[in-house]
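Visitor: Pasted the sequence and its predicted model underneath.
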Amino acid sequence: MNDHEFLNFQKAQLDRLLKESQGHDFIAEQLGQRIDAVQTEIDYSGATIDALQSAQSPPPRVALFLKGGGVQGTTGVRASLAGESLIQYERMFAEQALFHERSAARETGRSRRPRGSQTPSLLFIGTPRGSFGLEFVPQPGSDGTVISVHTQALREITNVLETVSSEDPTADSEIAGISPRVFQPMKKFLNTLVNYGAELRIAFSDRPSSVISSQRIRIASERLEREVQSEEIELKGKFRGLTRETTVFDLLLDDGSLITGSAAEGLTEPDLDRISALTNHRCVATLEKTTLTPVGGPVRVTYLLIDAEAENAMGENSSS
């Protein structure tokens, strides 16, 4: 379903709701205004569809339709449900988009994004009615464009939500290309829906929609609680270095084992200078450890370096 078809589908749904709202003047007025706005978009889309097809594809529109607990028909949704859902869905998108940006940069000999790059985010653009909808597109960059990997990230988030809500253990292979940092906000997203007993439909402007029932959402939530564990830990050892272009670090522990991972995106250049100065010195490293234990695949452990300080400095800080 392309953008033009999606708008026509949306207008048909609004027309149906308008017919059902006879006798409710306030609701009918709101629906009428929304229908007029959608019709304007349809007219514009129809007039320029050939140009759009010949140019770069526009970013997909994505809508989360919520139904069930916390949702009052087609008229509204609990603010806590809508707000938390959007926050955690955007966090999932941002982490996966960053993951792809780093992968793309690595192909050019770098893994750190250019300085000053804005964090990937979503732009909230409306509330389409079905049960109750929340619609958004990837936030364009400073040059007005949307990076193609952001579109890929949106689709992959939906694929993983479908995968983890499946009772098929072999489906875990789908999550191999997902950033481990996606799973913490995904757990919160699913737990929010579980708490309200909500059903989720994810609709794209350029592909078929996906429906995940409240029962499958509960399955997914329980599955992630079992299979994904994240914790912040401190480890002591000798810091063996940090590559500035790829931000990969090595930490040699006292038992002879080697910890390897990536530095957190939020570390500034002065932070990286300070941490690099610890090379071949003992330190206390603060790490985010994520352990993924899928039923149908091998255990995967990843480490993210949050900070590191000289071991003696840590002792001085605690004694002061």
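Guide: Perfect, thanks for sending it.
Visitor: Strands of the chain, start to end?
Guide: 62-68, 71-72, 76-77, 122-126, 132-138, 198-204, 210-212, 228-242, 248-253, 258-263, 281-292, 300-310 (DSSP state E).
Visitor: Adding mean pLDDT, write these out as TSV.
Guide: Output for those, formatted as TSV (pLDDT from 0 to 100):
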stretch	mean pLDDT
strand 62-68	85
strand 71-72	75
strand 76-77	76
strand 122-126	80
strand 132-138	78
strand 198-204	87
strand 210-212	88
strand 228-242	92
strand 248-253	94
strand 258-263	92
strand 281-292	92
strand 300-310	92
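Visitor: Export these to CSV and append columns for mean neighbour count.
Guide: Using the backbone N, CA and C atoms, a C-beta is placed for each residue, glycine as well. Output for the strands of the chain, formatted as CSV (neighbours: other Cβ atoms under 10 Å):
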stretch, mean neighbour count
strand 62-68, 21
strand 71-72, 16
strand 76-77, 17
strand 122-126, 15
strand 132-138, 21
strand 198-204, 21
strand 210-212, 17
strand 228-242, 16
strand 248-253, 18
strand 258-263, 17
strand 281-292, 18
strand 300-310, 18
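Visitor: Reformat these as JSON lines; add distance to residue 271.
Guide: Listed next are those as JSON lines, based on distance: least, Cβ to Cβ, whole Å:
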{"stretch": "strand 62-68", "distance to residue 271": "34"}
{"stretch": "strand 71-72", "distance to residue 271": "44"}
{"stretch": "strand 76-77", "distance to residue 271": "40"}
{"stretch": "strand 122-126", "distance to residue 271": "27"}
{"stretch": "strand 132-138", "distance to residue 271": "28"}
{"stretch": "strand 198-204", "distance to residue 271": "37"}
{"stretch": "strand 210-212", "distance to residue 271": "39"}
{"stretch": "strand 228-242", "distance to residue 271": "10"}
{"stretch": "strand 248-253", "distance to residue 271": "12"}
{"stretch": "strand 258-263", "distance to residue 271": "8"}
{"stretch": "strand 281-292", "distance to residue 271": "12"}
{"stretch": "strand 300-310", "distance to residue 271": "7"}
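Visitor: For residue 220, find the nearest of these.
Guide: strand 210-212 (7.4 Å; Cβ to Cβ).
Visitor: Neighbouring strands of that closest one in the sheet, and parallel or not?
Guide: Note on strand 210-212: by DSSP bridges, its sheet partners are strand 198-204 (antiparallel).
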